[in-house]
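# everything below, folded, please.
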Amino acid sequence: MTQKIKLSEQSMQAMEAKIPELASAALKRAYYQALTHSGKVLEAVNGQLVETSADGTTRFIRQLPPSIKVTPGTRFTRKVKP
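Predicted structure coming up:
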């Protein structure tokens, strides 16, 4: 059984402040792991879907639809078709 540790508000905020940095590092690690494993990665670059190979070459796949600006904190719900 694990013990629950009580964190102060300051400790919690310090840990939460590290989330963007940790997410960025995880994304970068996953990108390179995918390149190493399969040799190719699909990514969005300047509004285009591009396939990047491990040797650095890129291949255009298709144009992506325009981005949708979203205000932080906005909630969306899916419409359920009957």
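
# which residues in this protein form strands?
Ranges of strands in the chain, per DSSP state E, are 40-45, 48-53, 58-63.

# which of those strands sits most buried?
Using mean count of other Cβ atoms under 10 Å, the stretch among the strands of the chain with the largest mean neighbour count is strand 48-53, at a mean of 14. Quick note: C-beta positions are derived from backbone N, CA and C, even for glycine.

# circling back to that earlier point, which of the strands of the chain sits closest to R78?
Across those, R78 has its closest neighbour in strand 40-45 (22.5 Å, Cβ to Cβ).

# which pLDDT does the model give the closest residue in space to L42 that isn't next to it in sequence?
Distance criterion Cβ to Cβ, 6 or more residues apart in numbering; nearest residue to L42, sequence neighbours excluded, is E51 at 5.6 Å. On pLDDT, E51 comes in at 97.

# so what's P82 up against?
In this structure, P82 makes contact with no residue, judged by Cβ atoms under 8 Å, 6 or more residues apart in numbering.

# separation between the residue nearest to L42 and I19?
30 Å (Cβ to Cβ, to the nearest Å).

# cool, K40 as well?
Separation of K40 from I19 (Cβ to Cβ): 29 Å.

# go on, S38?
Relative to I19, S38 is positioned 28 Å away (Cβ to Cβ).

# same question, V70
Per Cβ to Cβ, V70 is found 19 Å from I19.

# mind listing the helices for this structure?
9-17, 19-38 (DSSP state H).

# is it possible to export these to CSV including mean pLDDT and mean neighbour count?
What follows is the helices of the chain, written out as CSV (pLDDT from 0 to 100; neighbours: other Cβ atoms under 10 Å):
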stretch, mean pLDDT, mean neighbour count
helix 9-17, 92, 10
helix 19-38, 95, 11
